[in-house]
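Trainee: Need the 3D shape of this:
(3 chains)
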Amino acid sequence: MRRILREWAHLIRPALVLVAGLALFLVLRAAVVPKDFGKYGHYRPGALDMIRQKPIAFAGQGACIMCHDDEAKTRASGKHAGVHCEACHGALADHASDPSAHLPQLPDVANLCRRCHEKDAAKPANFPQVVTAEHSGGALCNTCHQPHNPHL
Amino acid sequence: MDISRRDLFHIGGKLLVLASVGATLDQITGAAPPSEAYRMADHWWGMLIDIDKCIGCGNCVRACSKENNVPEGYFRTWVERYQIQEGAQPQVDSPNGAMEGFPLPTRADVKSFFVPKLCNHCADSPCTQVCPVGATFISPDGVVLIDQTYCLGCRYCVQACPYGCRYLHPKTDTVDKCTLCYHRITQGLTTACCENCPTGARQLVDFKDPKDPVHEFLRHNKVQVLKPYMATQAKIYYKDLDGAVR
Amino acid sequence: MIPGVDGFMYPNEVELQWSVLIVLYPYITGLVAGAFILASLERVFKVEAVRPTYRLALLTALSFLLVAPLPLQLHLGHPERSLEMYLTPHRSSAMAMFGFVYLWYLMAVLLAEVWLEFREEIVHRAQTTKGWLRLVYHALTLGSYNVSPEARRIDDKIGYIITVIGIPSAFLLHGYVGFIFGSIKANPWWSTPLMPVVFLFSAMVSGIAAVMVLYVVSSKLRRIAIDMRCLDTIARYLFYTFIIDFTLEMLDLIHRTYEADESFRSLDFMVHTRLWGSHVILQIFFGTLAPLALLAATQLRSFSEARRRAMYMTAGGLTLIGIFAMRWNIVIGGQLFSKSFLGYTTYKVALTAREGLLPAIALMLLPFAIFLVLIKLLPPWTEGKATEA
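Mentor: Reported below is the predicted structural model:
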């Protein structure tokens, strides 16, 4: 019996190497993987909080209306009712949180209006669009159209 | 010192106003920790896109890029233009993802329309299925997200996405994609693209909200998803999507 | 107009995600699986004729298996996080599960088998060499110096069992790589249940060809006579395996062409244009038909020994190039066309970038460097055992 064990004994060694490796792996795993991994699914729940804390660039028109409600009223009664403030005025969350420190820039009228209203066959037929080169004889759009309530 | 009830009222009132304004401003700039009032289990997010309203202005692409610091040359959302001659393969273009809209005019003699695209936040997404480590996942409220501190950058998910919405971020060397502006929608705001769409072609929807107009909409309109045969349970619904759209 | 793009591609598709390094990886694991299957031919299936290449095949497999994870590490955006695949493996991901298949194959199959096979030499050298090399051998003995006939008989028995387990393990090792591609429903060039099988058989073909070529080259360098019976047998197995591999690939092609689904037109165009050189010329003609013809000729007619050796070596070399081309066509080809089926892009291989051509070449040469070290450490030549390294 002892003789048989002796002949097999050398196989214990690679087995021990494997077991040691496995133990090391389990220790590493316990140390490195966050305890709540897998709480909602196969991922770190901390990632959800991390993503939710990203900074915001667009305030959303609700924030604009808090101070600029007269422009909002003008807009709401016209054709641009569905166009939110920042769609033309750009991202203004920093202005909303500190109005005097971050002053918004006036939109570039020459290009801004054209991006939506230049006539194009792919645009829906009932959408107001013109061939701007022929429309105003070179005058800027806001010469005739009030942007917040553009219908003449 | 004697404090009258009136004084208390004044001081208390000012404090209340200050606190609520502060809280609102904190919400806007996102400086405060996430609102405790948001419960993930109450929401199941998606989006509704009305093809007949899209004018290809590219506002959504620009807004997303600004809101999420999307690296140049990569796109979390983009708009495609289809020009379809009868009996021929559609001609599709998306100049720089439509970041500047579509500078070249569309042919007037063919069927043409715009298709905004983004991550479909699939309920049965092949991308989360193949991630080897659990860096990309679907949140309990239905948004497919990426854990940027865990992603290896192996790009298996990029290969597995049928819609081409993922890319490798050149700065972080991890995979990136549309997050449905998770940082906004969990604070009561809408996504940057929906906020800036001038025609209302894009609408954020919450399937778990009984008051959301999407329920009525789905009952009375014909809607499609992209590549339905992939069976990814995509949650971006398109109204009036032409059969030629890839 | 985006340079290199024809037609329309989704904006994020223009840049290829998986580079030449990801072509290397299935090639290398394929050589491992194939070399091991050849070794098992002798051990388990008692094809005694290939005995002279048994140890050579094992060391070839080991050299390539050690290098296999390196192209993957170079490719990852964050290689320092790669341990996550073992710490939090996502069970639905073939890639994650593959990490364990690789580990199993390395530890429980290949290293165990190499150790058991070479134990006698290891113990002998631990007792006779001088200097720091002695420490290396001592470490390799794992502390046991028992090489009695009974112990060696046990080693042989356990080695047999490990080889038996090793055959399905080798199938799993490379079949899984095929599944990693074949299970991607988003990509019609990859998505097919045949993919793991095609990968496996092409792996066997490349592995057998590699061992065959290495055997001839090493015998020539050592100025030892080549055992023609061994070589003829290896070539015969190469031929049979190649026939199966070719049949499978033709089946896939015919099936695609017949069904002509949505993707067919786009893929067909791609093969006729961007992949013409690498697919039709290199993979099919030079890499498959030519070696098959050469091997078939040796089976149907008798040639002189010298001529047969030349034919085998040519067939082997062409095979190795052809199987590399096959990996290239699958990995790179699968990313050249748009998932909209409306356009194509171009793969620009950088030269010195992390995933460039030079690192790829270096990684292909590294297994040979390791192989040279291994054959010095553990000589695979059974004739002239008394010769010291």
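Trainee: going forward, measure contacts between C-alpha atoms and count neighbours the same way
Mentor: OK.
Trainee: Scan chain A for its longest helix.
Mentor: As assigned by DSSP state H, the longest helix anywhere in chain A is helix A:12-32.
Trainee: in it, what's buried?
Mentor: Neighbour-count burial for helix A:12-32 flags A:P14, A:R29 (criterion: 16 or more other CA atoms under 10 Å in any protein chain shown).
Trainee: Give me the contacts around it.
Mentor: Applying CA atoms under 8 Å, 6 or more residues apart in numbering or on different chains, the external contacts of helix A:12-32 come out as C:L87, C:M107, C:A112, C:L142, C:G143, C:S144.
Trainee: of those, closest to A:E7?
Mentor: In terms of CA to CA, no member of the contacts of helix A:12-32 lies closer to A:E7 than C:S144, at 10.5 Å.
Trainee: still on that earlier bit, just the contacts of helix A:12-32 now: which is nearest C:H124?
Mentor: C:S144 (11.6 Å).
Trainee: show me the contacts for the spatially closest residue to the closest one that is not a sequence neighbour.
Mentor: Distances taken as CA to CA, 6 or more residues apart in numbering or on different chains place A:H10 nearest to C:S144, at 5.5 Å, with adjacent residues excluded. Residues near A:H10 by CA under 8 Å, 6+ apart: C:S144, C:Y145, C:N146.
Trainee: and which of these is nearest B:P126?
Mentor: Closest to B:P126, out of all of the contacts of A:H10 and judged by CA to CA, is C:S144, at 49.9 Å.
Trainee: Quick check: the closest one is in a helix.
Mentor: No: C:S144 is assigned coil when assessed by DSSP: H, G, I helix; E, B strand; the rest coil, not a helix.
Trainee: Tally up the residues packed near it, please.
Mentor: C:S144 is flanked by 16 other residues according to other CA atoms under 10 Å in any protein chain shown.
Trainee: Give me the pLDDT for it.
Mentor: Here the pLDDT value assigned to C:S144 is 87.
Trainee: what does C:E305 give?
Mentor: 93.
Trainee: can I assume it is in contact with C:M228?
Mentor: Yes: using CA atoms under 8 Å, C:E305 is in contact with C:M228, at 7.4 Å.
Trainee: which one of these two has more residues nearby?
Mentor: Neighbours per residue, other CA under 10 Å: of C:E305 and C:M228, the larger number sits with C:M228, 15 against 12.
Trainee: Make sure the more buried one is actually in contact with C:R307.
Mentor: No: counting by CA under 8 Å, C:R307 is not a contact partner of C:M228; they are 11.7 Å apart.
Trainee: Now do the contacts for the closest residue to C:L342 other than its chain neighbours.
Mentor: Computed as CA to CA, 6+ apart, the closest residue to C:L342 that is not its neighbour in sequence is C:F8, at 5.3 Å. Residues near C:F8 by CA under 8 Å, 6+ apart: B:Q91, B:V92, B:D93, C:S338, C:S340, C:L342, C:G343, C:Y344.
Trainee: at 10 Å what do you get?
Mentor: The contact partners of C:F8, by CA atoms under 10 Å, 6 or more residues apart in numbering or on different chains, come to B:80, B:90-94, C:1-2, C:14, C:337-345.
Trainee: Write the ChimeraX selection for whichever of those residues are buried.
Mentor: Selection of the buried residues among the contacts of C:F8 in ChimeraX, burial being defined by 16+ other CA under 10 Å:
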select /B:80,90,92,93,94 /C:14,337,338,339,340,341,342,343,344,345
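Trainee: Take the contacts of C:F8 and keep only those in strands.
Mentor: Counting by DSSP state E, the part of the contacts of C:F8 found in strands is B:E80, B:Q91, B:V92, B:D93, C:G343, C:Y344.
Trainee: can I get the residues you listed in a markdown table with pLDDT and distance to chain A?
Mentor: Below are these laid out as a markdown table (pLDDT from 0 to 100; distance: CA to the nearest CA, whole Å):
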| residue | pLDDT | distance to chain A |
| --- | --- | --- |
| B:E80 | 98 | 11 |
| B:Q91 | 96 | 13 |
| B:V92 | 97 | 12 |
| B:D93 | 96 | 12 |
| C:G343 | 96 | 21 |
| C:Y344 | 96 | 25 |
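Trainee: residues from chain A in reach of chain C?
Mentor: Within chain A, the residues that sit near chain C (CA under 10 Å from any CA of the partner chain) are A:3-4, A:6-18, A:25-26, A:28-30, A:32-33, A:37-38, A:42-43.
Trainee: ok, now with 6 Å
Mentor: A:E7, A:H10, A:R29 (CA under 6 Å from any CA of the partner chain).
Trainee: Return the nearest residue of chain A with respect to chain B.
Mentor: Going by CA to the nearest CA, chain B is nearest to A:R52 of chain A, at 4.0 Å.
Trainee: quick one, what contacts B:F114?
Mentor: B:G56, B:E80, B:R81 (CA atoms under 6 Å, 6 or more residues apart in numbering or on different chains).
Trainee: Mind picking out the helix or strand in chain B with the poorest mean pLDDT?
Mentor: helix B:5-29 (a mean of 48; mean pLDDT, DSSP states H and E).
Trainee: Can you give me the distance of A:L24 to chain C?
Mentor: With the distance defined as CA to the nearest CA, to the nearest Å, A:L24 ends up 12 Å from chain C.
Trainee: same deal with A:P147?
Mentor: 33 Å.
Trainee: can you count the residues close to that residue?
Mentor: So A:P147, with other CA under 10 Å, has 18 neighbours.
Trainee: Relative to B:K222, how far out is it?
Mentor: Noted for A:P147: a distance of 35 Å to B:K222, by CA to CA, to the nearest Å.
Trainee: ok, back up a step: out of the contacts of A:H10, which is nearest to chain B?
Mentor: C:S144 (39.0 Å).
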